[in-house]
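[1] Generate a structure from the sequence data that follows.
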Amino acid sequence: MSKYPLVVIADPNDPGPTKWLLVDLIRAICGRQRRKGGGQLSTKGGRPPKVKASNMSLKTLGPGRNHRGVEEFDDTNFDWLSYHENVKKMFELTNESPTATPALLQLWKSTFSGRRREFETNVLPQGVFPVINTRCPFLKLKQCLLEEFDLICGPGTCRIFRENWLKLVPNIIDIAGKQKISNKVAEILHRYRSLDSPDFETSSCAALELLPSLLPTRKLKDSCRFFFDCHEDSVNLAEAIRKPHRESPFILKHGSSFHIIADSKPYLYVSGESMEALLSLIATYYVFHQTYAKEVSTTLQFTQSEVLAADDPDNKYANSLTKFMQHFFTRIGRQNRYARGQLSY
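    Numbers count the residues shown, from 1 in each chain. The predicted structure is shown next:
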């Protein structure tokens with residue numbers, strides 16, 4: 001019990017269930033150690049024969065590691081019994097009291113590694129809400145979403161993200177004004193420049209609208225709405241979400257407030273700051289292991305590499321991103337890493 005202090009104990013007044021729970025736990029621990037040592041049970045007596053270890057290694061995302069810095073682990077070494085019992089207990093306590101008590105927060109953090117293993121092995125159901133409803137109810141809270149994002153990508157990820165976005169916004173708008181621009185880009189620039197004394201928030205919204213047009217992935221009329229969709233507050237929220245149909249997460253600006261939409265319905269409400277909405281969107285993709293929306297994949301790849309500062313050596317970048325990055329790095333005085341259409345390391 002000293003090694004597995006978080007295992008859920010049954011009713012302390014009834015020693016029977018507790019005893020069998022401990023028996024199952026000890027059996028699981030002994031089995032893992034036996035398999036790790038290459039042994040197997042023998043029905044013929046004597047020492048179990050040594051067997052060649054099978055290739056059972058999986059990839060996982062551990063706390064504090066970069067999201068690409070995966071580590072190899074043997075699935076048999078993970079305490080699945082404690083994980084599933086703790087998930088069950090977390091939902092029981094949440095039903096009794098929806099407030100995030102210290103005990104519940106401890107259960108949330110103690111089940112992190114198990115969730116990442118399930119994501120990596122495609123055990124969890126697809127989508128955001130099925131994961132919330134079956135594995136972790138606290139991921140519907142912005143604070144917990146961002147903390148889990150930090151656990152995946154490393155301490156300080158959210159802080160670095162905000163700092164980089166503050167620096168990048170003026171450059172994005174400047175490049176948009178100097179490039180050979182489309183009618184869509186010209187309309188966005190004119191709309192935001194016509195405002196009196198635009199502040200950073202205004203410029204940030206402009207940059208979010210501009211990026212999908214500067215980095216087109218597909219020749220789709222409404223492709224930008226798969227990343228950042230703007231509506232006046234007089235527009236019905238449900239109608240704004242419904243058209244066009246979008247399954248991947250995106251930002252919906254409704255008046256002066258922001259919503260993260262996932263599984264075609266509201267997931268997170270973010271008041272007042274587009275930078276926090278962008279951070280929450282990228283965190284949603286990472287935490288819930290979502291594939292980038294193909295309609296705006298180059299925009300999301302740019303956000304990953306330059307705002308999140310996390311390069312992906314396996315990605316093949318589209319020509320639109322390559323050309324934009326050439327202008328971008330020239331503008332901010334950095335060496336172009338996007339030679340020949342993909343990242344160089």
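[2] And what about residue 258, helix, strand or coil?
    Here residue 258 is strand, with the state taken from DSSP: H, G, I helix; E, B strand; the rest coil.
[3] Can you give me the neighbour number for it?
    Residue neighbour count, defined by other C-beta atoms under 10 Å, stands at 26 for residue 258. For every residue, glycine as well, the C-beta is placed using N, CA and C.
[4] Please name the bridge partners of it.
    Applying DSSP bridges to residue 258 gives these bridge partners: residue 253, residue 270.
[5] quick one: contacts for it?
    Contact partners of residue 258, counting by C-beta atoms under 8 Å, 6 or more residues apart in numbering, are 251, 252, 269, 270, 271, 272, 273, 274, 276, 277.
[6] now it: how far from residue 85?
    The spacing between residue 258 and residue 85, counted by C-beta to C-beta, to the nearest Å, is 37 Å.
[7] same deal with residue 284?
    28 Å.
[8] Looking only at neighbour counts, state which of those two leads.
    Each of residue 284 and residue 85 has its neighbours counted (other C-beta under 10 Å); residue 284 has more, 23 against 20.
[9] So that one sits against residue 146, correct?
    No - here residue 284 does not reach residue 146: they are 10.2 Å apart, not a contact under C-beta atoms under 8 Å.
[10] Looking at residue 74 now. What's its pLDDT?
    Confidence at residue 74, expressed as pLDDT, is 52.
[11] my bad, residue 244
    We have a pLDDT of 89 for residue 244.
[12] for the nearest residue in space to it that is not next to it in sequence, phi and psi?
    Nearest non-adjacent residue to residue 244, counting by C-beta to C-beta, 6 or more residues apart in numbering: residue 222, 5.2 Å away. Backbone torsions for residue 222, taken as degrees, to the nearest 10, come to phi -100, psi 30.
[13] Tell me how many other residues surround residue 222.
    When neighbours are counted by other C-beta under 10 Å, residue 222 comes out with 12.
[14] just to revisit the earlier point, quick check, nearest of the contacts of residue 258 to residue 161?
    Residue 161 lies nearest to residue 276 out of the contacts of residue 258, by C-beta to C-beta, at 10.0 Å.
[15] what about the strands in the stretch 101-250 of the chain?
    Under the criterion DSSP state E, counting those that start in this stretch, the stretch 101-250 of the chain contains strands at 228-231, 250-254.
[16] so of those, which one's packed in deepest?
    For those, the largest average neighbour count (mean count of other C-beta atoms under 10 Å) is found in strand 250-254, namely a mean of 21.
[17] hmm, back to that, the residue nearest to residue 244 and residue 255, how far apart?
    Residue 222 sits 20 Å away from residue 255, taking C-beta to C-beta as the criterion.
[18] just residue 213 next, same as before
    Between residue 213 and residue 255 the computed distance is 22 Å (C-beta to C-beta).
[19] Which one's more surrounded, the two?
    Taking neighbours as other C-beta under 10 Å, residue 213 and residue 255 compare with residue 213 leading, 19 against 12.
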